[in-house]
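Q: got a structure for you, letters missing:
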């Protein structure tokens, strides 16, 4: 059963809460800008993501005030200067980030209010947050107004000019380690998510999988296997033949075969899982 909610039947606040609660988790862009006089501004935005690699584009959406329709200082500054930095938020800075989201006057430096040291940028004027593990210096690519009303978004697209990546978050293969990056993201209401606590790996098929439609019907229609489990089998290049090296499985009852299949799939031992499946359907 679904609860159907027509957008015409909810007010702005209710629509906002539905979006931020359902579209989650969302990474946080900690955006630093400068006004025309060189005064620094810092604010977090969770309507944020990456949108392309050539050129490298990131985007975030500062919303107009739901009460007055006024634009945020961040957006005004970017319109005037065409540049900004984005510092990714890690767990060790999340409380300070929350403090920076207070609606201070435009002449107040949120770096100072929230206790962040400034990191000088290489190619743009706005600084970044020295405590962040991953920083992007950006020039304005485009601004797309999404309604022009109170609560409306303004999609700011930035082209990345330079990355600053802490040496401490690389693994032995010179790749960014998600556990060391330790990013946090926004959920609905006052909830956050710490990626480090819920990281798992999903192996992408190295070839075109056989798909659900090619799975044995007895397995596909079984209530014993979840969609995730079936997808692991469906990612195989082909259905294998029964292997005599696994003849010990021949003496197992169906319930035991099902349990073993689920265990093998959990351990990503797909080849062995097929051997129990083949004995289930023969």
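A: Nice, thanks for sending it over. All values derive from a computational prediction rather than experimental measurement.
Q: the helices in the stretch 151-282 of the chain, which residues?
A: Listed in chain order, the helices of the stretch 151-282 of the chain (DSSP state H, counting those that start in this stretch) span 178-181, 217-220, 227-234, 254-266, 270-281.
Q: I'd like these laid out as JSON lines, including distance to residue 195.
A: No exception for glycine: its C-beta is placed from N, CA and C like everyone else's. What follows is the helices of the stretch 151-282 of the chain, written out as JSON lines (distance: least, CB to CB, whole Å):
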{"stretch": "helix 178-181", "distance to residue 195": "6"}
{"stretch": "helix 217-220", "distance to residue 195": "33"}
{"stretch": "helix 227-234", "distance to residue 195": "20"}
{"stretch": "helix 254-266", "distance to residue 195": "22"}
{"stretch": "helix 270-281", "distance to residue 195": "26"}
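Q: To residue 87, which of those lies closest?
A: Ranking these by their distance to residue 87 (criterion: CB to CB) puts helix 178-181 first, at 12.4 Å.
Q: and that closest one, what does it pack onto?
A: Packed against helix 178-181, as judged by 3 or more CB pairs under 8 Å, 6 or more residues apart in numbering; DSSP states H and E, are no other helices or strands.
Q: Quick check: end-to-end length of stretch 238-253?
A: End-to-end distance for stretch 238-253, by CA to CA, to the nearest Å: 25 Å.
Q: nope, stretch 215-227 is what I was after
A: Stretch 215-227 has an end-to-end distance of 12 Å (CA to CA).
Q: Contacts for that stretch next, please.
A: Identification of contacts with stretch 215-227 by CB atoms under 8 Å, 6 or more residues apart in numbering yields 212, 230, 233, 234, 239, 258, 261, 262, 277, 280, 281.
Q: Give the buried subset of the residues you listed as a PyMOL selection command.
A: To isolate the buried subset of the contacts of stretch 215-227 in PyMOL, counting by 16 or more other CB atoms under 10 Å, use the following:
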select buried, resi 230+233+234+258+261+262+277+280
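Q: What residues of stretch 18-34 count as buried?
A: Going by neighbour count (16+ other CB under 10 Å), the buried part of stretch 18-34 is 20, 25, 26, 27, 28, 29, 30, 31, 32, 33, 34.
Q: Can you say which two of those residues are spatially most distant?
A: 25 and 34 (29.7 Å).
Q: pLDDT score for residue 92?
A: We have a pLDDT of 94 for residue 92.
Q: how close does it get to residue 194?
A: Going from residue 92 to residue 194 by CB to CB, to the nearest Å gives 11 Å.
Q: Who has more neighbours out of these two?
A: Using other CB atoms under 10 Å as the criterion, residue 92 and residue 194 rank with residue 194 on top: 15 against 12.
Q: bridging residues for the more buried one?
A: residue 184 (DSSP bridges).
Q: Report the contact partners of it.
A: 91, 182, 184.
Q: mind running it again at 10 Å?
A: Each residue near residue 194 by CB atoms under 10 Å, 6 or more residues apart in numbering is listed here: 25, 90, 91, 94, 182, 183, 184, 185.
Q: And the helix or strand harbouring residue 145, what does it pack against?
A: If you go by DSSP states H and E, residue 145 is part of strand 134-146. Where contact means 3 or more CB pairs under 10 Å, 6 or more residues apart in numbering; DSSP states H and E, strand 134-146 is packed against strand 29-34, strand 48-53, strand 56-60, helix 73-81, strand 83-88, strand 128-129, strand 153-165.
Q: Let me know the average pLDDT across that strand.
A: On average, strand 134-146 scores 99.
Q: What are the buried residues along that strand?
A: Residues of strand 134-146 classed as buried by neighbour count (16+ other CB under 10 Å): 134, 135, 136, 137, 138, 141, 143.
Q: would JSON lines of these with distance to residue 80 be doable?
A: Formatted as JSON lines, those follow (distance: CB to CB, whole Å):
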{"residue": "134", "distance to residue 80": "26"}
{"residue": "135", "distance to residue 80": "22"}
{"residue": "136", "distance to residue 80": "20"}
{"residue": "137", "distance to residue 80": "17"}
{"residue": "138", "distance to residue 80": "15"}
{"residue": "141", "distance to residue 80": "16"}
{"residue": "143", "distance to residue 80": "12"}
